[in-house]
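Asker: Just need the structure, nothing else, for what follows:
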Amino acid sequence: MSNTNVNVWVDADSCPVQSEIIEVCSLYELKPQFIATVNHYSAEKAAAGWMFVDDGSQSVDIFILNRVQPGDIVITQDLSLGVLMTGQGVYVLTPRGKLVKENDAELIMNQKFIRQQSMKQRKKWKGPSAFSDKNREEFRSKLEHLLSVHEGI
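Answerer: Numbers count the residues shown, from 1 in each chain. Have a look, this model is predicted:
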């Protein structure tokens, strides 16, 4: 059964779970919308229906923000983008399988502020751990759950 009420938007510039997104969405007869900047262009991606936007630091974010609807799913590593959409009734999922919630906004924005201040002072900031198979499976499980809820399964 196809669900035409939900779109899956992917901030695709540095998304490590592209194949998982395609596989899970195909189970629900959905075509995910991969959005990337032009510097990630390839003929293969264009033929697969990817959309490409200008090369700017927030181009993909703005493209998605202008098109997303309540109930849609957005997959992004950009937590700042995520908190902008959770208040609009959008499900935001990170490639590591974390579902961003509206009440996460204050913590996420405070962490971003601290990270930016640290970087201004040239202090080192520890990045995330290496992406693992466990992260991949957590993501797949959460995306399957979100889509099954939309389907009423």
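
Asker: use CA for all of it now, contacts and neighbours both
Answerer: Fine.

Asker: Low-confidence stretches in this structure?
Answerer: 1-4, 102-121, 123-128, 151-153 (pLDDT under 70).

Asker: So what's the residue count around Ser141?
Answerer: Using other C-alpha atoms under 10 Å, Ser141 is surrounded by 13 other residues.

Asker: Tell me who's in contact with it.
Answerer: Gly97 (C-alpha atoms under 8 Å, 6 or more residues apart in numbering).

Asker: Which strand or helix spans it?
Answerer: Assigned by DSSP states H and E, Ser141 belongs to helix 133-151.

Asker: Buried residues, that helix. List them.
Answerer: By neighbour count with 16 or more other C-alpha atoms under 10 Å, helix 133-151 contains the buried residues Asn135, Arg136, Glu137, Glu138, Phe139, Arg140, Lys142, Leu143, Glu144, Leu146, Leu147, His150.

Asker: Skipping adjacent residues, who's closest to Ile35 in space?
Answerer: Excluding the flanking residues, the one nearest Ile35 by C-alpha to C-alpha, 6 or more residues apart in numbering is Met51, at 4.9 Å.

Asker: My read is that the one you found contacts His40, right?
Answerer: No: with contact defined as C-alpha atoms under 8 Å, Met51 does not count as touching His40 (10.4 Å).

Asker: With neighbour numbers in mind, choose between those two.
Answerer: Met51 (17 against 14).

Asker: how close does that one sit to Thr37?
Answerer: From Met51 across to Thr37, the span is 8 Å (C-alpha to C-alpha, to the nearest Å).

Asker: same check, this time on Val24
Answerer: For Val24 relative to Thr37 (C-alpha to C-alpha), the value is 24 Å.

Asker: How about Glu23?
Answerer: 23 Å.

Asker: of these two, who's got more company?
Answerer: Thr37 (19 against 14).

Asker: my guess is the more buried one meets Ser57, correct?
Answerer: No: using C-alpha under 8 Å, Thr37 is not in contact with Ser57, being 9.1 Å away.

Asker: one step back: tabulate the buried residues of helix 133-151 in TSV, adding columns for distance to Lys45.
Answerer: As requested, these are exported to TSV (distance: C-alpha to C-alpha, whole Å):
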residue	distance to Lys45
Asn135	24
Arg136	21
Glu137	24
Glu138	25
Phe139	22
Arg140	22
Lys142	25
Leu143	22
Glu144	24
Leu146	25
Leu147	24
His150	27
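
Asker: Fine, thanks again, bye for now.
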